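Trainee: My questions are about this predicted structure, shown below with the sequence.
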Amino acid sequence: MKSLLETLQSGSGYLQERGVDDARLNMEHLIAMVLGCERIELYLSFDRPMEERELEQLRLLLKRRGQREPLQHILGNVQFMGQEFICDSRALIPRPETEELVGTLLSRFKDASGPARVLDVGCGSGVIGICLALNWEESHVTMVDCSEDALSLSKENAMNVGIDDSRINFVCSDLFNEVPGIFDLIVANLPYVEPSQIEGLDPELSFEPRDALDGGDNGTELISRFIAQLPNHLSEQGLLALEVGDGQTDFFEGVISEIGFDHIQILKDLSGIERFILAMK
């Protein structure tokens, strides 16, 4: 009978051969899922024999991960800003860079009340708007996505963390088309990948919605259209917070300047890549 450690080592090798990054970490998560324990607990149980039924479950999960199905989809959840969110193929998996954007906004508005009216455009799984609502007790957050599937996931996540229905609403819309009103903060993490580049991305991305990746011509078409519609929806002293792709900040800074924004700040992510744009009129 194989021990937990032997199972961990052999499974890690299997995943590594199939090009999975952080193979051992992935294997630890899969074993913890099968055993119903925290990953850290595995280190106290390396000599534990694995039962055949456990190995059978693990083989199925291992096969899925070896086929490059995202770990978060297999686990059914993702950690973001210290919260656990449901994660599946209805929306793009939240990225660490987006946590940095949320952290930047929370630091900028240190008052617990936050901006009164917040709009999250292209909300996907809802993690941005939900985390802002959790931290800003007096903010009302509107979540917008063109995908009904993504909105359903956002609603489930909002319900799971206990946000009051009176403080959050969901709108299915192509950008601002169905969104009335003016907002004090508009945050957007919209698709910014050039269509021709999608096929060359990591295999895991083939399990995620293509519409959540495809930014249109040059990867900039959708965000450019979003920026053009901004003036009718952002309050006089309102803030735009935008996440964009590597190498796109100069282009979008120009587009934002053209619609009358004078105060534009470019921020780098933890990898040193210019990733975020904050702008005010």
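Mentor: Yep, it's here. Numbering: from 1, shown residues only.

Trainee: Leaving out the residues flanking it, which one is nearest to Ile182?
Mentor: If you skip the residues right next to it in sequence, Ile182 has Ser235 as its closest partner in space, 5.0 Å away by Cβ to Cβ, 6 or more residues apart in numbering. Backbone N, C-alpha and C define where each C-beta goes, glycine included.

Trainee: which residues does the spatially most central residue of the chain contact?
Mentor: Residue closest to the average C-alpha location in the chain (Cα atoms, centre = their mean): Pro94, at 1.8 Å. Pro94 makes contact with Val78, Phe80, Phe85, Cys87, Gly124, Ser125, Val127, according to Cβ atoms under 8 Å, 6 or more residues apart in numbering.

Trainee: from those, which single one is nearest Ile198?
Mentor: Within the contacts of Pro94, the smallest distance to Ile198 is 16.7 Å, found for Gly124 (Cβ to Cβ).

Trainee: Check the burial of Glu199 by counting its neighbours.
Mentor: Using other Cβ atoms under 10 Å, Glu199 has 8 neighbouring residues.

Trainee: rewinding a little: narrow the contacts of Pro94 to those in helices?
Mentor: Val127 (DSSP state H).

Trainee: can I get the contacts of Pro94 in CSV with pLDDT and neighbour count?
Mentor: As requested, the contacts of Pro94 are exported to CSV (pLDDT from 0 to 100; neighbours: other Cβ atoms under 10 Å):
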residue, pLDDT, neighbour count
Val78, 98, 21
Phe80, 98, 23
Phe85, 98, 25
Cys87, 98, 25
Gly124, 98, 28
Ser125, 98, 26
Val127, 99, 27
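
Trainee: average model confidence for stretch 198-212?
Mentor: Averaging pLDDT along stretch 198-212 yields 94.

Trainee: should've said stretch 61-76
Mentor: 98.

Trainee: Over to stretch 89-109?
Mentor: Average pLDDT, stretch 89-109: 96.

Trainee: and it, which residues are buried?
Mentor: Buried residues in stretch 89-109, counted by 16 or more other Cβ atoms under 10 Å: 90-94, 98-102, 105-106, 109.

Trainee: And stretch 111-129, by the same measure?
Mentor: 114-115, 117-129.

Trainee: so who does the residue nearest to Leu8 when sequence neighbours are not counted touch?
Mentor: Among residues not flanking Leu8 along the chain, Met27 sits closest, at 5.5 Å (Cβ to Cβ, 6+ apart). Met27 makes contacts with Leu8, Gly11, Ser12, Leu15, Leu62, as judged by Cβ under 8 Å, 6+ apart.

Trainee: just curious, which of those residues is nearest to Ile259?
Mentor: Leu15 (47.1 Å).

Trainee: Near the residue nearest to that closest one when sequence neighbours are not counted, how many other residues are there?
Mentor: In space, Leu15 comes closest to Ala23 once its chain neighbours are excluded; the distance is 3.9 Å by Cβ to Cβ, 6+ apart. Neighbour count for Ala23, taken as other Cβ under 10 Å: 19.

Trainee: my guess is Ala23 meets Leu8, correct?
Mentor: No. Contact status for Ala23 versus Leu8: not in contact, 10.2 Å apart, counting by Cβ atoms under 8 Å.

Trainee: Low-confidence stretches in this structure?
Mentor: The model of the chain has pLDDT under 70 over residues 112.

Trainee: same thing but 80
Mentor: 111-113 (pLDDT under 80).

Trainee: And the strands in it, which stretches?
Mentor: Ranges of strands in the chain, per DSSP state E, are 77-80, 83-86, 117-121, 140-145, 168-172, 183-188, 234-243, 263-268, 274-280.

Trainee: The fourth one - contacts with which helices or strands?
Mentor: The criterion is 3 or more Cβ pairs under 8 Å, 6 or more residues apart in numbering; DSSP states H and E, and the helices and strands that strand 140-145 contacts are strand 117-121, helix 127-135, helix 148-161, strand 168-172.

Trainee: Dump these to TSV, plus distance to Arg68.
Mentor: Listed next are those as TSV, based on distance: least, Cβ to Cβ, whole Å:
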stretch	distance to Arg68
strand 117-121	29
helix 127-135	23
helix 148-161	21
strand 168-172	30
